[in-house]
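# Got a sequence here, can you build the structure:
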Amino acid sequence: MTLASAPVTWYVVRAGGIVGFAMLTVSVVLGLLLSGRARLRRWPRFALEDVHRYAGLLTAAFLAIHGLALLVDGYLPISLGDLLVPGIAPYRPFWTALGVVALELLAALALTNRLRSALPYRLWRQVHVLNFAVWALALVHGLGAGTDTRTPWALSLYAVSAASVAGLTAWRLLGGSGRSGWALGLWPATAAVVSAELVVAVALGPLVHG
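Residues are numbered from 1 along each chain as shown. Purely as a prediction, here's the structure:
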């Protein structure tokens with residue numbers, strides 16, 4: 001199938017997945033900044049919280065578009081069951097299954113957010129950590145199932161996303177803005193570079209599609 005002959009729905013499938021992953025990355029990055037109490041001069045905490053919330057909503061919206069477009073697209077034989085049951089999709093079953101699991105986990109986390117006021121804060125915080133699992137599953141799903149993985153723009157998006165999340169996670173584990181010292185700069189930078197290199201190596205190596 002050439003780009004000229006590709007149905008519009010196939011472009012929607014790809015765009016929905018890519019933009020959904022980008023918004024998920026933004027949401028995770030903002031969550032790390034908030035939990036690490038980052039001090040941003042022109043971005044007060046309430047503004048970060050609002051953007052974090054909207055990024056989550058946009059993530060859900062674009063992933064819904066991604067899934068719905070798959071159902072009506074004629075290029076891939078995807079059914080509703082394939083989107084609900086991991087591992088039965090005919091297209092790259094393992095990598096597609098990771099996306100299904102990520103989507104279902106995201107739906108469960110959205111439900112806990114709706115019930116946040118009724119849940120103990122400690123429990124909500126522990127469950128909220130699963131956002132990292134959702135992001136990691138979505139990343140690997142995109143690398144393994146995406147048809148654009150080896151394009152420069154998609155590979156750059158995945159590498160920058162991995163570097164951002166890994167670097168900020170290391171920064172957060174080191175104490176965030178409440179701690180200073182050489183380690184606060186060295187280890188996050190190292191984590192970011194190694195993660196980006198790993199994504200590129202995996203995408204161009206084991207996950208190369210014929």
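# Not counting sequence-adjacent ones, nearest residue to Val101?
Among residues not flanking Val101 along the chain, Pro86 sits closest, at 5.3 Å (Cβ to Cβ, 6 or more residues apart in numbering). (Glycine included, C-beta is placed from N, CA and C.)
# Could you look up the SS state of that neighbour?
Three-state call for Pro86 (DSSP: H, G, I helix; E, B strand; the rest coil): coil.
# Now for it, how many residues are close by?
Number of residues near Pro86 (other Cβ atoms under 10 Å) recorded here: 18.
# Next, the contact list for it, please.
Counting by Cβ atoms under 8 Å, 6 or more residues apart in numbering, Pro86 touches Ala97, Leu98, Val100, Val101.
# so what does the lowest-mean-pLDDT helix or strand in the chain touch, helix or strand wise?
The least trusted helix or strand in the chain, going by mean pLDDT, DSSP states H and E, turns out to be helix 121-128, with a mean of 82. The contact analysis (3 or more Cβ pairs under 8 Å, 6 or more residues apart in numbering; DSSP states H and E) places helix 121-128 against helix 93-114.
# other SSEs contacting the helix it packs on?
Checked by 3+ Cβ pairs under 8 Å, 6+ apart, helix 93-114 has helix 45-72, helix 80-84, helix 121-128, helix 130-145 packed alongside it.
# So what touches the third one?
Contacting residues not belonging to helix 121-128 are listed as Gly31, Leu109, Thr112, Arg116, Leu119 [Cβ under 8 Å, 6+ apart].
# As CSV, could you dump the C-alpha coordinates of it?
This file holds the C-alpha atoms of helix 121-128, laid out as CSV (Å, rounded to 0.1, in the frame of the first residue of the first chain):
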residue,chain,number,x,y,z
TYR,A,121,-5.1,9.5,49.5
ARG,A,122,-2.3,6.9,50.1
LEU,A,123,-4.2,4.3,48.0
TRP,A,124,-4.8,6.7,45.2
ARG,A,125,-1.1,7.7,45.1
GLN,A,126,-0.1,4.0,44.9
VAL,A,127,-2.5,3.3,42.1
HIS,A,128,-1.5,6.5,40.3
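# Run through the chain and note the low-pLDDT ranges.
Within the chain, the segments meeting pLDDT under 70 span 1-6, 36-48, 176-184, 206-210.
# Assign a three-state SS to Ile78, would you?
Ile78 is classified as coil under three-state DSSP.
# So which of the contacts of Pro86 wins on neighbours?
When neighbours are counted by other Cβ under 10 Å, Leu98 leads the contacts of Pro86 with 22 neighbours.
# Could you rank the contacts of helix 121-128 by neighbour count and give me the top one?
Counting by other Cβ under 10 Å, top hit in the contacts of helix 121-128: Gly31 with 23 neighbours.
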